[in-house]
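Enquirer: can you look at this prediction? I've put the sequence above it.
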Number of protein chains: 4
Amino acid sequence: MPSSSIPSSPTKTTAGMTVQAAVMPAAGAPIELRALLRPALEPGAILLETIYSEVCGTDVHLHHGHLAGVPYPIIPGHVSVGRVAETGGVVNDLDGAALQGGDVITFLDVHETCGKCWYCTVAKASTRCPSRRVYGITYSADEGLLGGWAEAIYLKPGVKTLRLPANLPPERFIAAGCGLPTSVHAIERAEIQLGDSVVIQGSGPVGLNAVILAQLQGAGQVIVVGAPAQRLEVARAFGADETVDITEHAPGGRIRRVKELTGGRGADVTIEATGVPAAVREGMQMTRDAGRYVIVGQYTDVGEVALNPHWDINRKHLEIRGCWGSDFSHFYRGVRVVARYGDRFGWERMISGEYRLADAGQALADVESLKVVKALIRPR
Amino acid sequence: MPSSSIPSSPTKTTAGMTVQAAVMPAAGAPIELRALLRPALEPGAILLETIYSEVCGTDVHLHHGHLAGVPYPIIPGHVSVGRVAETGGVVNDLDGAALQGGDVITFLDVHETCGKCWYCTVAKASTRCPSRRVYGITYSADEGLLGGWAEAIYLKPGVKTLRLPANLPPERFIAAGCGLPTSVHAIERAEIQLGDSVVIQGSGPVGLNAVILAQLQGAGQVIVVGAPAQRLEVARAFGADETVDITEHAPGGRIRRVKELTGGRGADVTIEATGVPAAVREGMQMTRDAGRYVIVGQYTDVGEVALNPHWDINRKHLEIRGCWGSDFSHFYRGVRVVARYGDRFGWERMISGEYRLADAGQALADVESLKVVKALIRPR
Amino acid sequence: MPSSSIPSSPTKTTAGMTVQAAVMPAAGAPIELRALLRPALEPGAILLETIYSEVCGTDVHLHHGHLAGVPYPIIPGHVSVGRVAETGGVVNDLDGAALQGGDVITFLDVHETCGKCWYCTVAKASTRCPSRRVYGITYSADEGLLGGWAEAIYLKPGVKTLRLPANLPPERFIAAGCGLPTSVHAIERAEIQLGDSVVIQGSGPVGLNAVILAQLQGAGQVIVVGAPAQRLEVARAFGADETVDITEHAPGGRIRRVKELTGGRGADVTIEATGVPAAVREGMQMTRDAGRYVIVGQYTDVGEVALNPHWDINRKHLEIRGCWGSDFSHFYRGVRVVARYGDRFGWERMISGEYRLADAGQALADVESLKVVKALIRPR
Amino acid sequence: MPSSSIPSSPTKTTAGMTVQAAVMPAAGAPIELRALLRPALEPGAILLETIYSEVCGTDVHLHHGHLAGVPYPIIPGHVSVGRVAETGGVVNDLDGAALQGGDVITFLDVHETCGKCWYCTVAKASTRCPSRRVYGITYSADEGLLGGWAEAIYLKPGVKTLRLPANLPPERFIAAGCGLPTSVHAIERAEIQLGDSVVIQGSGPVGLNAVILAQLQGAGQVIVVGAPAQRLEVARAFGADETVDITEHAPGGRIRRVKELTGGRGADVTIEATGVPAAVREGMQMTRDAGRYVIVGQYTDVGEVALNPHWDINRKHLEIRGCWGSDFSHFYRGVRVVARYGDRFGWERMISGEYRLADAGQALADVESLKVVKALIRPR
């Protein structure tokens, strides 16, 4: 099966030409622009001309070297959207229709889930499959265009792709970004019931997506506990009924405020999306007896938290659910939801910074300082 | 505990005075206006001055004598909303606050669920408790003001009440009506996932509420299969993406249309709210393999349906869930949801006829002929 | 409805005669024998002639004053079995058959669950109903014969009773004891799947019941982590595949041992039944990624535990479920199971001490020193 | 990666030598013995020396041509157990250990589940994946040794294998046979709770496995409705509390008998394993209100059944679950369970006929006439 170039693509380049990429050479080192070779395509591979990639909190962690085993230099950028430039032979989408040059697609950054191991087959917990690899995180820049901060992305054979529906513009999709499948998974674990009071701890991209999704589960009340003020404003614009600014209330006061707002009982469901260990006990105490607590924000190891298993868990009859990663179903469902409810919620309000490849370092700094809610990389 | 009259109520009447009620004297007999005695209150009872009651399809069934064991004469009207006129001593709401004269409340029509029998305690299936009684259906007019088509309703001790939230006007609540808790229960059984394609069979009050609630579960697509055109218009106004008019398509064509709209697979979840046995097989066939089918509309016995258990159930890996009645949690959650999302969906668009007590017979006729979507009784 | 004495009872006494009871006068004070008046029965009440009551770890906590708000003096003994001596009029069982003198019954110690509050009706979490009262714990001896360490027990109207099935001898039922409904609830929360590896932390009555029930869920492997050796022997006699003696292995070694026994992954499901906060983190680490951890043993407040929410919960995709108390369904299901599988498991092997009322203090001491697995009180 | 022959196998033959197989040449044609070429192995493939294969009801259906699209001639036999004769290079088991010559393994007959389609990834309903192929059913004998009625079986690369645990003799495993994963799946769908009354309709291999598995879910009572007497005897030997012989009771009588045995309510859970459409309505009516009904036996199309959706489903608040096929988790869990509980239940009692390859036609006839409960093919 020869690599078929697709004439309809106006932007087609040729294997061997170069592609610009923003590379993180090492933990702590400044981002560099590099020109990489445009690769020849294996059968089943796709070359994607990047429209947008994003900058997320994980990229800040990567820059600080907080994740173990990262093969620097890397091209960051795990969730991206682009136009098909070339395919390695016929490559079909989920419904069996062949991708065409110019098609606007996105792809699941986490791939190589093996489908064969004990976790994939018996436990049906594919986000714990040991074979998983992640675009923008687990690949070296020396291995190819395997991250989104580049003019083009090489999708290996088997990477799961999705066409953006006609009513979903790329900027709305990328605004939802990698926080979307994570939130979809968290919301699935949360099992919100119609009319429930829901607390979201954290007002970053995962928390803000959760504000919207909680309403798309029929929550009766959505309370966001976070900071800074600018993000809480976005939360309210997305429909949060109440926000509690953590820079203005101590932990005890936040718990009291949530109880006050929920008839003295606490939230039916609380979703943690903070990355701060201390938030875990606080969140348990914001949740009512026999409620549910989803922990999705403890993505890296930043220490321990003490809690009282009698009062905080057993006597409360509390249910606590860790939520790791996401699978293709969460990605697929997220895209369906943003397409269907995009006009109502206007996800693109989350974007507050758009950067060229050369400014990727600035983008990282602005995300870290919380200057922006969500930063995009727009390579062209 | 003496009956305490509540001076703050501007409409307080005195025990022994008369109350007007619209009475269904027997199956098939015309509705009559009767003057009934205003009762003295037992401790724990509430006298409610009716603001609105409703006319629903069940009332048409009652008028035709389709339900067994109904103790005619009855005062119809199972879901209602009113103002507290008097209480038998202190009567608390769910949160322990005493009801006051003038408070606008509603109540769960189905009550006397015993909490002691095998169904209540072991099966936790209280909608199958054999002790249940229903306002407007299982009580004779000779037993008291136990139906909503009257100037006042007598709430027996233990009937579960809810204050309407400040942001929920009575006409919006009653528009949602008795179809609301039924739909909440059906939606709970449906376990819609974010992005799912949902088919609603039937465009009466239960179906129309389900159109809204499916969106409040994050459905990716809502398709209504029903009639007449006027109701399908309301469905679209409530957010249905597509409607299929059963007067224009034969069953096979409807199934084909649903498949066409759902990538050839059928709906992830289908909710039956029709009352027509043949709809059951049709609905199964509109649902994708490994999907879910909720049957909530087969409220009375109108015959059988043939199906093929190999193709329609086993090979499809289909899940089918009957859904009977509703309990207090559905009622409570429904009220929370209409309060929170009322402005977005405008439930009151469902009301197309408002009738005085003296016109209750006309209301019944208009509901039966599908002239109106939802008819209200407004006693004063 | 007059109190009807039941002639068939050979042991019937008369109201006003005295009944011997073992009373705990205050926290820390020695148990005393007292003669209390036999009460007259309200309609719906039952006087039970005690066959057996039990001594459980909670009674040790009560004796040390570890529970707040206990109205000493109390008659301890929450789970008991007895013969009906007298009823206040006709009192029916769950299936509507009238209880007769001499019937061997047991009753749910936790009662007065209100059925009306928010927790009972909306959350459907009746074990968090604030109205609950418990025989042998929340009643003063001055209020009546409301604990099992007495020749007779007064069952208030509404207390839920169960006849022992013909194939369930009282000593087998009481051997399962109060650990049974607790374990049934924990096992329900555990959702063990066929073939799962299950770790039970703790080898007291709750843990030992869980050893049996895990097999009645089709566990592929049951590992008990506990002490002392005598209890681990009972665990093996009940079918545990492996036991890990905590007096012989440090926490790290226990975790390693569990991993070794489970293909390196850890248990699919772990059930904590220890009462020791440190066990909580240890148990999480004994559980595989995406597994389930049920916390049922943290019945009193004995301090905090530190854990790492990244490694122990979020990255593990772990599900943690607190489990508080039990309701009538757990009690009913437990009785069914002990009747059906009693010969296979021989629950009575758990009994290692039987005491007269006068020796109740000794029974407490023997339970506390772990000399016995389960101590019974046999009043006559 | 060259094909590595494994010297330890005492029965190793050489590619190119012949292998005896019992072939079904066409629907209705007599079974023939044929000598097929022993194939060379692709990398990742395994050649298995058959110890046992089985004859199941599906093979009778195949012989009558009841299944569509079968590529006759075929080698029947979908579930089998054998010894590894040769592997195509290193082939690992689920835990990453390389298979060795002489290892006793079994394999999942249903394979090539794609892991990529909408059903595999979004619906997570892999038993509805359109790519599935089945050993002994969907392969022509011209394609290779792809069925179990042969001296050797060719396992294609990727076929999922399991080593039999040391405590699981091959005859016990094969006695459980293909009915085992099917039953495991059905039991998973059944969600039996501790103490439940369970009815099994059908006393063939699926039904008999379900009798055992229901007890391994803690059923309080297991009732089998089936025939003939010999199979009901096996059901009782496996622990069924009651059997109802359908040759002795008409449908109405069977329903009455089940109600009698279940306190008048019907079964909490009923599992259909009959293949007879009329059993479906009967089974619904044997199930209590708010119970669960699993349909696993309607494997081929043998017609329709009429039912009343009001009485049989909606008013009953019944849950009905079709159950199609099984996946690797069911297979894995089944093996774990038979290993752990084999001595208790003695699955091998199900075997009542063992046949050589040359007698495969007789085996089919004996299965069809219900002369045997389970027939084995033992090729050597």
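Expert: On my side now, so go ahead.
Enquirer: drop to CA atoms for contacts and neighbour counts, all remaining ones
Expert: Fine.
Enquirer: the closest residue to chain C within the stretch 1-150 of chain A and chain D, how far apart?
Expert: Using Cα to the nearest Cα, the closest approach of the stretch 1-150 of chain A to chain C is made by A:Ala125 at 6.4 Å. Per Cα to the nearest Cα, to the nearest Å, A:Ala125 is found 11 Å from chain D.
Enquirer: what helix or strand is the nearest residue to that residue once chain neighbours are set aside located in?
Expert: The shortest distance from A:Ala125 to any non-neighbouring residue, by Cα to Cα, 6 or more residues apart in numbering or on different chains, is to A:Tyr119 (5.4 Å). For A:Tyr119, the host element (DSSP states H and E) is helix A:118-121.
Enquirer: who in the stretch 101-250 of chain A is up against chain D?
Expert: Counting by Cα under 8 Å from any Cα of the partner chain, the stretch 101-250 of chain A comes close to chain D at A:115-118, A:121-123, A:160.
Enquirer: just to be sure, A:Glu49 is in a strand?
Expert: Yes: counting by DSSP: H, G, I helix; E, B strand; the rest coil, A:Glu49 falls inside a strand.
Enquirer: that one: what's it in contact with?
Expert: Going by Cα atoms under 8 Å, 6 or more residues apart in numbering or on different chains, A:Glu49 touches A:11, A:82-85, A:151-153.
Enquirer: and for A:Val55?
Expert: A:77, A:363-364, A:367, A:374-377 are the contacts of A:Val55 under Cα under 8 Å, 6+ apart.
Enquirer: would you list the residues you listed in TSV and tack on neighbour count, pLDDT and distance to chain B?
Expert: Below are the contacts of A:Val55 laid out as TSV (neighbours: other Cα atoms under 10 Å in any protein chain shown; pLDDT from 0 to 100; distance: Cα to the nearest Cα, whole Å):
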residue	neighbour count	pLDDT	distance to chain B
A:Gly77	27	97	26
A:Ala363	26	97	32
A:Leu364	20	96	31
A:Val367	20	94	29
A:Lys374	26	92	23
A:Ala375	25	95	26
A:Leu376	26	97	25
A:Ile377	27	97	28
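Enquirer: now, those that are in helices?
Expert: If you go by DSSP state H, these have A:363-364, A:367 in helices.
Enquirer: does the residue nearest to A:Ala125 touch A:Thr113 like I think?
Expert: No: using Cα atoms under 8 Å, A:Tyr119 is not in contact with A:Thr113; the gap is 9.8 Å.
Enquirer: SS state for A:Pro157?
Expert: coil.
Enquirer: residue ranges with poor pLDDT in chain A?
Expert: When residues are selected by pLDDT under 70, those of chain A lie in A:1-15.
Enquirer: biggest helix in it by residues?
Expert: If you go by DSSP H, chain A has its longest helix at helix A:328-345.
Enquirer: interface residues of the stretch 51-200 of chain A facing chain B?
Expert: Near chain B, when you scan the stretch 51-200 of chain A using Cα under 8 Å from any Cα, you find A:95, A:184, A:188, A:193-196.
Enquirer: in CSV: the residues you listed, plus secondary structure.
Expert: Shown next, in CSV, are those (three-state DSSP):
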residue, secondary structure
A:Asp95, coil
A:Val184, helix
A:Glu188, helix
A:Gln193, coil
A:Leu194, coil
A:Gly195, coil
A:Asp196, coil
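Enquirer: buried subset of these?
Expert: A:184, A:188, A:193-196 (16 or more other Cα atoms under 10 Å in any protein chain shown).
Enquirer: next, give me the two most distant ones among those residues.
Expert: Taking Cα to Cα as the measure, these span a maximum distance of 18.7 Å, between A:Val184 and A:Gly195.
Enquirer: contacting residues around the closest residue to chain C within the stretch 151-300 of chain A?
Expert: Nearest residue of the stretch 151-300 of chain A to chain C: A:Gln298, at 4.9 Å (Cα to the nearest Cα). Counting by Cα under 8 Å, 6+ apart, A:Gln298 makes contact with A:273-277, C:309-310, C:314-315.
Enquirer: how much space is there between it and chain B?
Expert: When Cα to the nearest Cα is applied, the distance between A:Gln298 and chain B equals 24 Å.
Enquirer: can you report phi and psi for that residue?
Expert: phi -90, psi 60 (degrees, to the nearest 10).
Enquirer: please report how far A:Thr18 lies from chain D.
Expert: From A:Thr18 across to chain D, the span is 32 Å (Cα to the nearest Cα).
Enquirer: go on, A:Glu42?
Expert: Plainly put, A:Glu42 is 19 Å away from chain D if you go by Cα to the nearest Cα.
Enquirer: break chain A into its domains for me.
Expert: Chain A breaks down into these domains under automatic domain parsing: A:4-163+A:346-377, A:179-322.
Enquirer: in CSV: the ones you listed, plus distance to C:Val269.
Expert: Formatted as CSV, those follow (distance: least, Cα to Cα, whole Å):
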stretch, distance to C:Val269
domain A:4-163+A:346-377, 12
domain A:179-322, 14
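Enquirer: deepest in the core, which of the ones you listed is it.
Expert: Highest mean neighbour count of the domains of chain A: domain A:179-322, a mean of 23 (counted as mean count of other Cα atoms under 10 Å in any protein chain shown).
Enquirer: the residue of the stretch 1-150 of chain A closest to chain C contacts C:Ala290, doesn't it?
Expert: Yes: contact status for A:Ala125 versus C:Ala290: in contact at 6.4 Å, counting by Cα under 8 Å.
Enquirer: tell me the contacts of the residue in the stretch 201-350 of chain A that chain D sits nearest to?
Expert: Residue nearest to chain D within the stretch 201-350 of chain A (Cα to the nearest Cα): A:Ser329, separated by 4.4 Å. Contact analysis of A:Ser329 by Cα under 8 Å, 6+ apart lists D:121-123.
Enquirer: where along the stretch 51-200 of chain A do the strands fall?
Expert: A:80-87, A:104-107, A:110-111, A:133-134, A:152-155, A:161-163, A:197-201 (DSSP state E, counting those that start in this stretch).
Enquirer: could you do the stretch 251-380 of chain A as well?
Expert: Under the criterion DSSP E, counting those that start in this stretch, the stretch 251-380 of chain A contains strands at A:267-272, A:287-295, A:305-307, A:319-322, A:351-355, A:374-377.
Enquirer: run through who's touching the fifth one.
Expert: It refers to strand A:351-355. Contact partners of strand A:351-355, identified using Cα under 8 Å, 6+ apart, comprise A:175, A:363, A:372-378.
Enquirer: contacting residues for the residue of the stretch 1-150 of chain A found nearest chain B?
Expert: Closest residue of the stretch 1-150 of chain A to chain B, Cα to the nearest Cα: A:Asp95 (8.0 Å). Residues in contact with A:Asp95 (Cα under 8 Å, 6+ apart) are B:263, D:117-118.
Enquirer: ok, now which ones touch the nearest residue to A:Leu194 once chain neighbours are set aside?
Expert: The shortest distance from A:Leu194 to any non-neighbouring residue, by Cα to Cα, 6+ apart, is to A:Gly218 (4.7 Å). A:Gly218 makes contacts with A:192-196, B:213, B:216-217, B:337, as judged by Cα under 8 Å, 6+ apart.
Enquirer: change it to 10 Å
Expert: Contacts for A:Gly218 (Cα atoms under 10 Å, 6 or more residues apart in numbering or on different chains) come out as A:192-197, B:212-218, B:333-334, B:336-338, B:340-341.
Enquirer: what strand or helix carries it?
Expert: Per DSSP H and E, there is no helix or strand for A:Gly218.
Enquirer: quickly note the distance from A:Gly264 to A:Gly202.
Expert: Distance, A:Gly264 to A:Gly202, by Cα to Cα, to the nearest Å: 22 Å.
Enquirer: same deal with A:Gly342?
Expert: For A:Gly342 relative to A:Gly202 (Cα to Cα), the value is 22 Å.
Enquirer: need the residues touching each of A:Ala125 and C:Ala290.
Expert: Jointly contacting A:Ala125 and C:Ala290 under the rule Cα under 10 Å, 6+ apart are A:119, A:324, C:317.
Enquirer: could those residues be laid out in TSV, adding distance to A:Glu54?
Expert: Rendered in TSV, the data for those read as follows (distance: Cα to Cα, whole Å):
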residue	distance to A:Glu54
A:Tyr119	30
A:Trp324	20
C:His317	25
